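Asks: I need the structure of the sequence given here:
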Amino acid sequence: MAVLSVSDLSLAFGHVALLDHAAMALETGERVGLIGRNGTGKSSLLRILAGLEPPDDGLVQVQQGLRRVYVPQEATFAAGATVFNVVSEGVAEARALRDRFEQHAPDDDLDALQTRIELLDGWNWETRVDQTLQRLQLDGAVRVDSLSGGMQKRVALAQALVAAPDVLLLDEPTNHLDLDAIAWLEELLTGFRGSLILITHDRAFLDDVATRIVELDRGTLRSYPGNFAAYEARKEQELADEAVMNARADKLLAQEEVWIRKGVEARRTRSVSRIKRLEALRSQRAARRESLGRVKLEVDGGQSSGKIVAELQHVDKAYGDRVIVRDFSATLLRGDKVGLIGPNGAGKTTLLKLILGEVASDRGTVRQGTRLQVAYFDQMRTVLNPDATLADTISPGSEWVEVTGQRKHVMSYLGDFLFSPARANSPVKSLSGGERNRLLLARLFARPANVLVLDEPTNDLDIDTLELLEQLLQDFPGTVFLVSHDRRFLDNVVTSTIVSEATPDAPGRWREYEGGVTDWLTQSQRARALQAQLTKSVIGASDKRGAAQSKPTPTESAIPTAPARRKLSYKEQRELQELPGRIAALEAEQKSLSDQLADPASYTSGSARIREMQERYAQIDEELLHALERWEVLDGK
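Replies: The predicted structure is shown next:
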């Protein structure tokens with residue numbers, strides 16, 4: 001049953017129609033992912049669905065009594081307000097009605113007030129707020145302005161959830177959240193009982209949460225059942241079919257244009273019906289909205305850096321009592337694509353500055369390579385002057401920019417990033433978040449660099465631009481350091497990850513893994529399983545030895561009837577003696593394979609050899625687990 005629907009919806013800013021007679025419906029319990037290019041009107045549509053903005057035309061139908069709650073990209077809170085007070089604003093109506101009932105005026109209809117309070121479950125609103133705070137792990141006494149961006153996002157969600165909405169509308173809920181917070185949000189939303197519409201460009205998040213994808217494309221809403229992976233498969237076929245249909249229509253139009261010209265010269269008479277068809281074809285061609293342009297990404301890799309970009313040996317770094325890095329060692333080579341993963345505040349930026357020599361270590365040695373040309377992408381966009389024009393931001397004082405050895409006019413270069421010439425002299429402050437990120441990428445790639453440092457480049461970028469940026473970074477011959485919480489993006493780009501594994505007992509601990517997020521999770525889970533298996537074996541053997549030593553000497557009448565432990569055969573004794581050496585050899589072989597896979601030079605030997613090494617690496621994991629299990633069995637005998 002549809003709880004919310006729109007039909008014949010129209011919205012335009014200037015001559016651009018963001019919504020062109022669009023229609024959609026939201027069913028009970030659905031979780032809809034709303035996607036589309038930056039600037040297509042997704043946020044405007046969400047505010048229309050929330051009842052915060054009116055459309056230019058069309059009909060919005062809402063089920064009677066439906067509670068809708070909208071959470072914007074960047075929530076704003078009153079200065080100095082506590083978390084409890086902010087979250088309580090989600091039940092503001094219930095609070096006001098209960099206060100009015102308790103301090104009723106003579107002309108108040110108490111029966112009507114009581115009915116409305118019960119409908120809103122307003123008699124115990126304090127309990128609801130406390131339960132929501134506990135569920136979202138928030139301290140109600142803390143001031144909101146003292147919290148990090150990720151925690152403030154939790155507060156905004158708590159304010160929305162305490163209202164018990166039937167429809168929850170979220171605009172970019174994963175922005176500025178770390179991986180743990182994103183996983184927490186996924187669990188929260190999949191357990192949400194109402195209907196959900198969310199805007200996000202996080203493809204892994206859409207795969208895990210969405211039950212339907214709705215795409216806003218050239219003013220039209222198109223629905224695709226299933227998650228993002230199902231949408232990708234169907235969309236690819238749709239675009240191919242659309243291209244074929246457009247090509248056929250263009251061919252027919254060209255043929256009719258030729259006929260009308262030749263017909264005039266040859267016969268001096270023209271078929272009225274064919275003329276009408278030609279006019280109709282011309283109208284259809286003029287009305288067709290072509291697929292939006294794609295960003296053209298190119299980066300000048302500059303001169304090659306030295307083979308070693310950075311070498312760290314037993315590095316420590318702390319600020320006062322706070323340990324950021326402890327005993328970290330790594331060798332980073334030219335061509336490495338390194339992802340840095342960790343919760344917000346773990347010290348990823350500090351570790352990057354240590355690697356690049358911008359911050360001195362407290363202990364250990366850090367050696368930078370030669371001929372490094374570093375370009376930064378700052379997630380806070382501090383390098384952008386809000387009052388400067390787009391053209392001055394890209395090429396101050398000049399109308400030309402040189403990219404990959406080619407000289408381009410700044411207008412043409414901005415066009416590669418989907419900025420029209422008319423906007424070249426607009427100030428930066430007039431741009432949306434996604435447009436500012438595109439401008440920052442344009443500025444970054446306008447300068448030669450062999451080391452790219454990208455701090456959260458995926459925020460606010462649409463999916464098409466993300467995929468193009470992925471391809472660019474994969475093909476980039478230099479070195480890339482990437483800080484991101486977009487799992488799919490990291491998996492598609494990085495060759496290794498440096499992960500924060502700090503604990504209260506081991507602060508500042510970082511560890512390097514081969515591959516992306518998926519590989520890190522797989523390797524860390526295997527390592528924990530092997531460690532648990534080994535610990536269990538050692539504890540089990542120790543317990544057995546302790547029990548045997550503490551057991552009193554049995555008397556003749558107390559001899560147990562159970563059979564005595566069987567002695568190991570000669571073959572089993574030899575196997576038990578050889579197992580430690582075999583385990584050590586397997587671990588050494590796996591370490592050697594890991595080093596080879598981390599060396600860019602290995603990838604010149606062909607894909608077959610790389611595939612063999614990867615398969616052998618996985619096989620060693622299985623052999624190690626089998627060897628440890630066998631050792632436990634033999635030791636138990």
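
Asks: after the worst-scoring helix or strand of the chain on mean pLDDT comes which helix or strand?
Replies: Scoring the helices and strands of the chain by mean pLDDT, DSSP states H and E places helix 272-287 at the bottom, with a mean of 63. On the C-terminal side of helix 272-287, the closest following helix or strand by DSSP states H and E is strand 308-319.

Asks: so what are the sheet partners of that next one and their directions?
Replies: Strand 308-319 sits in its sheet next to strand 322-333 (antiparallel), strand 363-368 (antiparallel), going by DSSP bridges.

Asks: for the longest one, give the mean pLDDT please.
Replies: Confidence over strand 322-333 (mean pLDDT, whole number) is 93.

Asks: with stretch 342-352 instead?
Replies: 88.

Asks: and Thr200, what does it touch?
Replies: Counting by C-beta atoms under 8 Å, 6 or more residues apart in numbering, Thr200 touches 33, 35, 170, 172-174, 206. (Glycine included, C-beta is placed from N, CA and C.)

Asks: show the pLDDT at it.
Replies: Confidence at Thr200, expressed as pLDDT, is 92.

Asks: tell me which element Asp505 falls in.
Replies: For Asp505, there is no host helix or strand (DSSP H and E).

Asks: can you give me the neighbour number for it?
Replies: Look at Asp505: counted by other C-beta atoms under 10 Å, it has 6 neighbours.

Asks: re earlier: what would the strands paired with strand 308-319 look like in TSV with distance to Gly515?
Replies: Listed next are the strands paired with strand 308-319 as TSV, based on distance: least, C-beta to C-beta, whole Å:
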stretch	distance to Gly515
strand 322-333	15
strand 363-368	25
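
Asks: any idea which of those strands is most buried?
Replies: Of the strands paired with strand 308-319, the one with the most neighbours on average (mean count of other C-beta atoms under 10 Å) is strand 322-333, at a mean of 19.

Asks: after it, which helix or strand is next? Please name it.
Replies: Next along the chain from strand 322-333, counting by DSSP H and E, comes strand 337-341.

Asks: orientation of that following strand relative to strand 308-319 in degrees?
Replies: 10 degrees (axes from the mean of the first three to the mean of the last three C-alpha atoms, to 10 degrees).

Asks: return the distance of strand 337-341 from the chain's centre.
Replies: 14 Å (C-alpha atoms, centre = their mean, to the nearest Å).

Asks: cool, stretch 86-106 as well?
Replies: Put simply, stretch 86-106 sits 39 Å off its chain's centre (C-alpha atoms, centre = their mean).

Asks: what's the end-to-end length of it?
Replies: The first residue of stretch 86-106 is 32 Å away from its last residue (C-alpha to C-alpha, to the nearest Å).

Asks: for the most centrally placed residue in the chain, which non-adjacent residue is closest in space?
Replies: Computing the C-alpha centroid of the chain and ranking residues by C-alpha atoms, centre = their mean puts Asp486 first, at 2.5 Å. Once flanking residues are discounted, Asp486 sits nearest to Thr458: 4.4 Å by C-beta to C-beta, 6 or more residues apart in numbering.

Asks: the one you found contacts His201, correct?
Replies: Yes: the criterion here is C-beta atoms under 8 Å, and Thr458 meets it with His201 at 7.1 Å.

Asks: of the two, which one has the most company?
Replies: His201 (26 against 23).

Asks: give me the low-pLDDT residue ranges for the stretch 301-450 of the chain?
Replies: 301-302, 379-382 (pLDDT under 70).

Asks: all strands of the stretch 51-200 of the chain, in order?
Replies: Counting by DSSP state E, counting those that start in this stretch, the stretch 51-200 of the chain has strands at residues 57-62, 68-71, 167-171, 195-199.

Asks: still on that earlier bit, export the contacts of Thr200 to JSON lines and tack on distance to Phe228, neighbour count and pLDDT?
Replies: Rendered in JSON lines, the data for the contacts of Thr200 read as follows (distance: C-beta to C-beta, whole Å; neighbours: other C-beta atoms under 10 Å; pLDDT from 0 to 100):
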{"residue": "Gly33", "distance to Phe228": "7", "neighbour count": "26", "pLDDT": "96"}
{"residue": "Ile35", "distance to Phe228": "8", "neighbour count": "26", "pLDDT": "93"}
{"residue": "Leu170", "distance to Phe228": "16", "neighbour count": "24", "pLDDT": "95"}
{"residue": "Glu172", "distance to Phe228": "16", "neighbour count": "22", "pLDDT": "90"}
{"residue": "Pro173", "distance to Phe228": "15", "neighbour count": "24", "pLDDT": "90"}
{"residue": "Thr174", "distance to Phe228": "13", "neighbour count": "25", "pLDDT": "88"}
{"residue": "Leu206", "distance to Phe228": "4", "neighbour count": "23", "pLDDT": "94"}
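
Asks: show me those that map onto helices.
Replies: Leu206 (DSSP state H).

Asks: circling back: of the strands paired with strand 308-319, which is nearest Ala449?
Replies: Ranking those by proximity to Ala449 (C-beta to C-beta) places strand 363-368 first, at 14.9 Å.

Asks: sweet, I'm off.
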